[in-house]
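Participant: Coordinates for the following, if possible.
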Amino acid sequence: MNKETDKKLIIVSAPSGAGKTTIVKHLLTCIPELGFSVSATSRAIRAGETHGIDYFFISAREFRQRIDEGDLLEWEEVYPGSFYGTLKSEVFRLMKEGKHVIFDVDVVGGLNIKKAFGNDALSVFVSPPSVAELENRLKNRNTDSPETISKRIAKSRWELEFAPKFDYILINNDLETAKAEILEKVLNFINN
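Facilitator: Residues are numbered from 1 along each chain as shown. Take a look at the predicted model:
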């Protein structure tokens, strides 16, 4: 699917709270040739988020319409009525600009992108050191209710089962170590 360009894709997936967004931001800072694929979602915008920067925030109705029209590379209804996905137009825009594309996506979406792009994509699963540590991280970021955290932990247990399907598992026990490890891995992938 990536035959018209020599650009590569870096897919970063993880359970919520494992550190994937922090890892992606680090890679974007260190590798100027990377372009971030902004995902689309139908969930409500959170404080501090910006449309077109953090996500493309669209209604569930519009999201369903885009699914029907084949505008999405991958998508998933993560929670009832809460869709996430990758717009094909966003990916190909970045490639046209000469960028390697990096994704911050859920586990199922990550595997679907990997399937579409094969060896042109490196799929990375960011794993917390334990589910207990993941729960602590979710509580400490103070963005979700206790009920939402419980749902995220249950989903995280399920997502952790997918880790072996990824090209590379990054255990985020110490953030600085994880950042150095993933930077080396991604640079090797892009340059070979």
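
Participant: got the contact list for the helix or strand of the chain with the lowest mean pLDDT?
Facilitator: Least confident helix or strand of the chain, by mean pLDDT, DSSP states H and E, is helix 131-140 with a mean of 82. Contacts with helix 131-140, where a contact means Cβ atoms under 8 Å, 6 or more residues apart in numbering, come from 15-19, 128, 144, 149, 152-153, 156-157, 160. For every residue, glycine as well, the C-beta is placed using N, CA and C.

Participant: any weak-confidence spans in the chain?
Facilitator: Filtered on pLDDT under 70, the chain yields the residue ranges 1-5.

Participant: end to end, how far does stretch 73-84 reach?
Facilitator: One end of stretch 73-84 to the other measures 11 Å (Cα to Cα, to the nearest Å).

Participant: Show the subsequent helix or strand relative to the one helix or strand residue 157 maps to.
Facilitator: Per DSSP states H and E: residue 157 is located in helix 146-160. Moving toward the C-terminus from helix 146-160, the next helix or strand (DSSP H and E) is strand 168-171.

Participant: which parts of that next one are buried?
Facilitator: For strand 168-171, the neighbour count (16 or more other Cβ atoms under 10 Å) marks 168, 170 as buried.
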